[in-house]
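Visitor: only geometry, no sequence info:
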Ligand code: AMP
């Protein structure tokens, strides 16, 4: 299996200053795998849902090459549920409710095919479960991890143990500050890379994303959109595009990671155009290519330095 993703497959209630959607399909693994499906023919997910999760969505995901041998469906139980409310700038949000439900029962057992995964995406989830997946994969070429403040607040020590073992960590700017105790993102990045990962991606919502390694830094803008309907899942969609692109190309150089950041940002821009995962179900290759070109145009400029 080229890529295995662990993360939530969920229901979300979303409120923005301009609209709301109730009980829409969401979850980190859902966004990641749907996005990665535009780059990979086959991948696997490790997660758990309740009996309430729509089988039609699981079927749609299967048709997109998302294998579900690692997805448990628990009879008589409810799926993970999250609800959030966005502020006026849509870059910040409050979590109103997190119901772990079936997540409390997730004890992943990976089959042979999943154990041999070349790429592992540890989507936002209990770090104990992320560690259990890492324990079972044999020799992955690349491990990318995403997490959020919820787990920093509730399981910081366990989280740090997993961070030690990954190649790339993706978090947002406030999470980078919380994790490192540093306000400057440059200092925060260096503190976090000392914890284990060789690379750090700091997501800054509508202000783009930064990629750090020990010696270099790269910045990608976010595409200015006419209308942001719902930013939920943009971070996961970014991660899905990032790892999907790296897995397809097999090139983990810093220069290729820069391309992967642009691809991730382009995919995330689609995600914001509709509520939930809807937009990520219907993309055409031409739209993706055009969007990536828009990024290239957005930052293309010519400059002559004044000699003196
Ligand atoms: P993002 O907007 O990229 O941070 O991702 C939002 C998605 O993450 C939603 O679809 C939620 O279902 C899911 N989510 C929210 N809180 C958590 C959590 N504590 N653990 C795992 N997944 C979560």
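Guide: It's in. Note that this is a predicted model, so its numbers are computed, not measured. Numbering: from 1, shown residues only.
Visitor: Now the stretch 1-150 of the chain against the ligand: closest residue?
Guide: Of all residues in the stretch 1-150 of the chain, residue 26 sits closest to the ligand, at 2.7 Å by C-beta to the nearest ligand atom. C-beta: built from backbone N, CA, C; applies to glycine.
Visitor: which non-adjacent residue is nearest that residue?
Guide: Nearest residue to residue 26 in three dimensions, chain neighbours excluded: residue 12, at 3.6 Å (C-beta to C-beta, 6 or more residues apart in numbering).
Visitor: Now do the buried residues in the top helix by length along the chain.
Guide: Counting residues, the longest helix in the chain under DSSP state H turns out to be helix 254-271. Using 16 or more other C-beta atoms under 10 Å as the test for burial, helix 254-271 gives 257, 259-271.
Visitor: try stretch 5-17
Guide: 5, 6, 7, 8, 9, 10, 11, 12, 13, 14, 15, 16.
Visitor: Mean confidence (pLDDT) on that stretch, please.
Guide: Across stretch 5-17, pLDDT averages out at 98.
Visitor: Then stretch 264-283?
Guide: Per-residue pLDDT over stretch 264-283 has a mean of 97.
Visitor: Can you give me the end-to-end span of it?
Guide: 14 Å (C-alpha to C-alpha, to the nearest Å).
Visitor: Stretch 265-276 now?
Guide: Calculated as C-alpha to C-alpha, the first-to-last residue distance of stretch 265-276 is 17 Å.
Visitor: how distant is the longest helix of the chain from the center of its chain?
Guide: Relative to its chain's centre, helix 254-271 lies at 12 Å (C-alpha atoms, centre = their mean, to the nearest Å).
Visitor: Quick check: which helices or strands does that helix pack against?
Guide: Other helices and strands packing on helix 254-271, by 3 or more C-beta pairs under 8 Å, 6 or more residues apart in numbering; DSSP states H and E, are helix 28-36, strand 209-212, strand 217-220, helix 234-249, helix 285-298.
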